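S.K.: Fold the stuff below for me.
(one chain, ligands or ions: 1)
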Amino acid sequence: MKCKFCGGSDFINLNNVVALNYVNSTLPIKAVPVSIKVDVCTSCGLGVNHTPLSREEYNQIYNNFFYFAYYFDDVFKKYFYIDDISFFVKHIPNLDSKVVELGCHDGHLLYMIQEYQKQHGNGNFTNLMGIEPSPNADIGIAHGLHIEKAYFKPGYFKDNEKVDVFISRCFFEHLEEPFEMFKAMLDSLSDNGKIIMKVPNFTGYDLTHLYYYSWPFLEKMAAKYNAKIIDCLIKYQEIWNAEEITVVISHKDAEYPAIKCPFDIEYTVKHEKQHILEDKKLFSMDCIEMEKFMRDKENVYFLGTSVHAPYYLTVLNKMKVKTNIIPVDILQNRKGYELPYCNNPVILLSDLKGKKIDAMVINGHNKEDIFAKLNTYNINVEKSL
Ligand SMILES: [Zn+2]
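M.R.: Numbers count the residues shown, from 1 in each chain. Below is the predicted model:
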């Protein structure tokens with residue numbers, strides 16, 4: 001495999017990390033942990049996933065990506081968007097600026113931008129739109145958002161139709177041809193237009209992530225296409241235990257000054273190797289605790305089925321835990337889904353209203369809120385972890 005950015009063929013192996021594969025069986029989507037090989041191109045610093053899935057598998061994921069639809073969920077809003085919305089809004093120059101979010105899912109970000117503007121600004125944005133191929137688009141459309149159910153491609157917008165702000169959030173790392181897409185965005189961008197691009201900061205291992213980006217690399221990429229980075233936000237997300245980077249890119253000749261990347265790629269790689277080791281250690285400690293908790297129990301409810309749940313269940317299975325595990329989630333759309341090594345489909349927390357539960361594992365950072373929710377539903381949990 002050659003580096004898609006610079007053609008280089010020399011890579012440093014970062015690590016064999018474990019990621020989730022969502023498509024090992026027929027839908028509804030099942031998640032099983034698999035190994036993924038991520039290398040770093042020594043000439044440009046781009047991270048490359050050397051174990052991608054097939055085109056059919058990616059189509060299956062993107063055309064049926066219901067598992068990550070958030071339905072404008074309150075918990076989701078609170079934990080994801082509290083700080084970032086102002087950053088997006090700050091970069092929209094006018095109320096009538098044409099703002100296009102690529103891969104907007106159910107449109108929750110566009111919705112949050114408009115809500116933020118209603119609360120803090122003067123007037124509403126009038127020209128927000130999203131492009132999204134999955135059925136999630138229908139949810140946003142039903143909420144009154146302007147979403148086109150399609151894939152964004154070069155030539156999507158006509159020559160005279162310029163975009164003032166492109167938003168590409170958790171999108172660019174999924175693309176097979178990211179640089180062609182980046183060029184397509186620049187081609188449709190107005191003279192002082194901006195691309196706000198949020199990607200994992202050389203982390204977030206997932207089989208749907210084909211490339212891994214860092215600030216030094218994104219700076220090189222912008223320069224190659226006659227563009228520059230004018231703002232950057234790096235934020236640790238507790239929910240993923242990973243960092244995200246948001247860069248704002250404009251044409252080289254745009255009126256804003258460029259900013260320079262303050263660290264180098266060697267530092268990024270070293271930092272990430274350390275992070276992977278720490279993550280593994282914390283994860284093993286969690287599993288030992290869970291095994292101990294489940295050992296003498298016949299039934300245990302497992303609350304919180306996203307992100308780390310499939311990893312935990314796989315390891316618990318390896319540890320020969322015989323407990324009957326009943327997965328529970330708060331999000332409506334997860335009802336009925338199956339998790340690896342779990343004989344029961346996901347039920348909703350609201351299904352347990354007024355019940356007495358012997359044992360529950362709470363897989364989530366927001367424990368205080370979860371206990372409040374248990375109280376609201378009058379669910380009495382005897383023992384929890
Ligand atoms: Zn390269």
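S.K.: from here on, contacts and neighbour counts on C-alpha atoms
M.R.: Noted.
S.K.: any idea which element the closest residue to Asp39 other than its chain neighbours lies in?
M.R.: Nearest non-adjacent residue to Asp39, counting by C-alpha to C-alpha, 6 or more residues apart in numbering: Asn13, 4.5 Å away. Per DSSP states H and E, Asn13 falls inside strand 11-21.
S.K.: Could you list the buried residues of stretch 143-153?
M.R.: 145-149, 152 (16 or more other C-alpha atoms under 10 Å).
S.K.: Mean confidence (pLDDT) on it, please.
M.R.: Average pLDDT, stretch 143-153: 93.
S.K.: Alpha carbons of that stretch, as PDB, please.
M.R.: C-alpha atoms of stretch 143-153 as PDB (Å, rounded to 0.1, in the frame of the first residue of the first chain):
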ATOM      1  CA  HIS A 143     -37.400  18.100  12.300                       C
ATOM      2  CA  GLY A 144     -37.600  20.700   9.500                       C
ATOM      3  CA  LEU A 145     -33.900  20.900   8.600                       C
ATOM      4  CA  HIS A 146     -32.700  21.300   5.000                       C
ATOM      5  CA  ILE A 147     -30.900  18.000   4.400                       C
ATOM      6  CA  GLU A 148     -30.200  16.500   1.000                       C
ATOM      7  CA  LYS A 149     -30.100  12.700   1.100                       C
ATOM      8  CA  ALA A 150     -27.000  12.200  -1.100                       C
ATOM      9  CA  TYR A 151     -23.300  11.600  -1.200                       C
ATOM     10  CA  PHE A 152     -21.200  14.800  -1.600                       C
ATOM     11  CA  LYS A 153     -19.000  14.500  -4.800                       C
END
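S.K.: Identify the bridge partners of the nearest residue to Asn344 once chain neighbours are set aside.
M.R.: The shortest distance from Asn344 to any non-neighbouring residue, by C-alpha to C-alpha, 6+ apart, is to Ile326 (5.7 Å). On the basis of DSSP bridges, Ile326 is bridged to Tyr301.
S.K.: how about Ile326, what does it touch?
M.R.: The contact partners of Ile326, by C-alpha atoms under 8 Å, 6 or more residues apart in numbering, come to 299-302, 342-347.
S.K.: Narrow those residues to those in strands?
M.R.: Those of the contacts of Ile326 mapping onto strands are 299-302, 347, per DSSP state E.
S.K.: Quick check: Ala372 is in a helix.
M.R.: Yes - under DSSP: H, G, I helix; E, B strand; the rest coil, Ala372 falls within a helix.
S.K.: Tell me, what's the model's pLDDT at it?
M.R.: 83.
S.K.: That one: neighbouring residues, count only.
M.R.: 11 (other C-alpha atoms under 10 Å).
S.K.: Could you check how far it is from Ile379?
M.R.: Distance from Ala372 to Ile379, counting by C-alpha to C-alpha, to the nearest Å: 10 Å.
S.K.: Could you do Pro200 as well?
M.R.: Plainly put, Pro200 is 37 Å away from Ile379 if you go by C-alpha to C-alpha.
S.K.: just Gly354 next, same as before
M.R.: Counting by C-alpha to C-alpha, the separation of Gly354 from Ile379 is 5 Å.
S.K.: Just want to know which of these two has more residues nearby.
M.R.: Neighbour count, other C-alpha under 10 Å: between Gly354 and Ile379, Ile379 has more, with 18 against 14.
S.K.: check contacts around the more buried one.
M.R.: If you count contacts by C-alpha under 8 Å, 6+ apart, Ile379 has them with 352-357.
S.K.: Apply 10 Å and report the result again.
M.R.: Going by C-alpha atoms under 10 Å, 6 or more residues apart in numbering, Ile379 touches 349-350, 352-357, 371, 373.
S.K.: now Leu175
M.R.: Going by C-alpha under 10 Å, 6+ apart, Leu175 touches 181, 208-211.
S.K.: Could I get the phi/psi values of it?
M.R.: Backbone geometry at Leu175, expressed as degrees, to the nearest 10, gives phi -80, psi 140.
S.K.: now swap in Leu95 and tell me
M.R.: phi -60, psi -30.
S.K.: Settle this for me: it is touching Gln117, isn't it.
M.R.: Yes - the criterion here is C-alpha atoms under 10 Å, and Leu95 meets it with Gln117 at 9.4 Å.
S.K.: Quickly list what's touching both of the two.
M.R.: Both Leu95 and Gln117 are contacted by 123-125, under the criterion C-alpha under 10 Å, 6+ apart.
S.K.: Columns neighbour count on top of the residues you listed, output as JSON lines?
M.R.: Formatted as JSON lines, the shared contacts of Leu95 and Gln117 follow (neighbours: other C-alpha atoms under 10 Å):
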{"residue": "Gly123", "neighbour count": "11"}
{"residue": "Asn124", "neighbour count": "16"}
{"residue": "Phe125", "neighbour count": "21"}
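S.K.: Could you dump these into a markdown table and include distance to Ser9?
M.R.: Shown next, in a markdown table, are these (distance: C-alpha to C-alpha, whole Å):
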| residue | distance to Ser9 |
| --- | --- |
| Gly123 | 52 |
| Asn124 | 49 |
| Phe125 | 46 |
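S.K.: Report the separation between the residue nearest to Asn344 and the ion.
M.R.: Going from Ile326 to the ion by C-alpha to the ion, to the nearest Å gives 46 Å.
S.K.: how close does that residue sit to Asn375?
M.R.: Taking C-alpha to C-alpha, one finds Ile326 at 20 Å from Asn375.
S.K.: Between the ones in strands among the contacts of Ile326, which sits nearest Thr42?
M.R.: Phe302 (42.8 Å; C-alpha to C-alpha).
S.K.: Stretch 209-226 vs the ion: in contact?
M.R.: No - Stretch 209-226 lies out of reach of the ion by C-alpha under 5 Å from the ion, never closer than 9.2 Å.
S.K.: where does the residue nearest to Asp39 land on pLDDT?
M.R.: 76.
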